[in-house]
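>>> What shape does this take:
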Amino acid sequence: MSTDFTFTIKSIRFDENYRPSDNTRITTNFANLARGERRRENLRHTMRMIDNRFNALAHWDNVKGDRYAVELEIISVDIDIEGNGQTFPTIEILKTNIIDSKSNKRIEGIVGNNFSSYVRDYDFSVVLAEHNKSRSQFSIPDDFGELHGKMFRSFLSSAAYKQHFGKPPVICLSVSDNKIYHRKENEHPVLGVEYQPNESSLTERYFQKMGLQVRYFMPPNSVAPLAFYFIGDLLNDYTSLELISTISTMETFQKIYRPEIYNANAVAGIRYQPNLKHQDYSLTQIEYDREERSQLAVEQGKFVEKYFMKPYQSILEQWSASSAL
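Numbering: from 1, shown residues only. As a prediction, the model looks like this:
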């Protein structure tokens, strides 16, 4: 694939002192937590939840349950389309690092985890809406997600990615509330019990164009499966501590954002269908405005259309046509 575009990578620590930069997608999970009067308290509680979950899963040689702490970096990726130094924000992901207090080591975790993308906002909030505006039945454009998929693959094959990260990303998302998941016999010591969906979803097909496949696992002492998007062999390409860093981080976020599923008081059974209208769940002590977040996604999709898709339309179309998925 052509990699004519230039990517630049910036990172910033995500901790109780974090403040979103001006060009951060404010719909991003971690940016949403860092707003309002209780921002510092929100962030402190979130990091404590992540550390507690990590130590519960990494329980060997960890009698007091306090051996490990997780550090998070927000990785921002900008793209230079014309090679003139003018960049546009494209992707934000998270990088985990593990602090082992017993060995006094800082262990590299996994990059990916959370996934935020301006072009994905445009695809789902603008392209899909326009395509279905006058249709009686919902449908998807033939080329839906192709440009985004090619841009993501180009980023993974870029010198910038290879310079910063040693392994492919793992992105961890919520399960879909319009699918049914069936428990399988397969069980992994860290990832937990595997689940199989009854059908493919639009999100799965979108990520497939990015070169990612998906498997669903419910980790030990979790109440619902998580979707793990990856390249290669999820179960063997990553260490136990690497996988635990992703589980503890993303399960914590999901408990905050989708408590009806991930903080439910009942555990997913053999046949499981998530339900966002479910009432039997517990709330965390962390404030989060889910309705505002969905409104902002539409605004940011229109922002991408105005400042990225339309100005660079001909360049992007030519590049996409010359790049194979």
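>>> At the geometric centre of the protein, which residue do we find?
residue 114 (2.4 Å; Cα atoms, centre = their mean).
>>> wait, is that one part of a strand?
Yes: according to DSSP: H, G, I helix; E, B strand; the rest coil, the state of residue 114 is that of a strand.
>>> What's the separation between it and residue 11?
Between residue 114 and residue 11 the distance is 14 Å, computed by Cβ to Cβ, to the nearest Å. All C-beta atoms are positioned from the backbone trio N, CA, C, and that covers glycine.
>>> ditto for residue 274
33 Å.
>>> where do the strands sit along the chain?
6-14, 68-80, 87-100, 105-117, 170-174, 181-188, 192-197, 213-218, 226-230, 271-272 (DSSP state E).
>>> ok, residue 187 - contacts?
When contacts are counted by Cβ atoms under 8 Å, 6 or more residues apart in numbering, residue 187 touches 193-194.
>>> pLDDT score assigned to it?
Note on residue 187: pLDDT of 97.
>>> And residue 302, by the same measure?
90.
>>> wait, it sits on residue 126?
Yes: using Cβ atoms under 8 Å, residue 302 is in contact with residue 126, at 6.3 Å.
>>> Looking only at neighbour counts, state which of those two leads.
residue 126 (18 against 13; other Cβ atoms under 10 Å).
>>> so that one makes contact with residue 303?
No: assessed by Cβ under 8 Å, residue 126 is found out of contact with residue 303, at 9.8 Å.
>>> Pull the distance from stretch 5-14 to the chain's centre.
16 Å (Cα atoms, centre = their mean, to the nearest Å).
>>> again, but for stretch 81-88
So, by Cα atoms, centre = their mean, the centroid of stretch 81-88 is 26 Å from its chain's centroid.
>>> So what touches that stretch?
Applying Cβ under 8 Å, 6+ apart, the set of residues contacting stretch 81-88 from outside is 4-6, 8, 78-80, 118, 307-308, 312, 315-316.
>>> mean confidence score for it?
90.
>>> now do the same end-to-end measure for it.
8 Å (Cα to Cα, to the nearest Å).
>>> Show me what counts as buried in that stretch.
Neighbour counts over stretch 81-88 (16 or more other Cβ atoms under 10 Å) mark 81, 88 as buried.
>>> So what's the residue count around residue 163?
Neighbours around residue 163, by other Cβ under 10 Å: 8.
>>> and it, what pLDDT?
Taking residue 163 on its own, its pLDDT is 96.
>>> to the chain's geometric centre, what's the distance from stretch 143-157?
That offset, for stretch 143-157, works out to 16 Å (Cα atoms, centre = their mean).
>>> surely residue 93 meets residue 168?
No: using Cβ under 8 Å, residue 93 is not in contact with residue 168; the gap is 11.8 Å.
>>> More neighbours: these two, which one.
Between residue 93 and residue 168, residue 93 has the larger neighbour count (other Cβ under 10 Å), namely 22 against 17.
>>> Return the set of residues that bridge with that one.
Note on residue 93: beta-bridge partners residue 75, residue 115, judged by DSSP bridges.
>>> before we move on, the earlier item: dump the contacts of stretch 81-88 to CSV, plus neighbour count and distance to residue 226.
Shown next, in CSV, are the contacts of stretch 81-88 (neighbours: other Cβ atoms under 10 Å; distance: Cβ to Cβ, whole Å):
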residue, neighbour count, distance to residue 226
4, 14, 36
5, 18, 31
6, 17, 33
8, 13, 30
78, 17, 29
79, 22, 29
80, 15, 34
118, 23, 24
307, 12, 34
308, 19, 31
312, 15, 35
315, 13, 37
316, 19, 33
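>>> Can you add distance to residue 157 and give those residues back as TSV?
Listed next are the contacts of stretch 81-88 as TSV, based on distance: Cβ to Cβ, whole Å:
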residue	distance to residue 157
4	12
5	11
6	13
8	15
78	17
79	14
80	16
118	20
307	26
308	21
312	20
315	19
316	18
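>>> sorry, back to before: for the residue nearest to the centre of the chain, which non-adjacent residue is spatially closest?
Once flanking residues are discounted, residue 114 sits nearest to residue 94: 4.6 Å by Cβ to Cβ, 6 or more residues apart in numbering.
>>> In terms of neighbours, single out the busier of residue 274 and residue 11.
residue 274 (21 against 12).
>>> hang on, the earlier thing: shared neighbours of residue 126 and residue 303, anything?
What both residue 126 and residue 303 touch, as defined by Cβ under 8 Å, 6+ apart, is an empty set.
>>> how much space is there between residue 286 and residue 42?
With Cβ to Cβ as the criterion, residue 286 and residue 42 are 5 Å apart.
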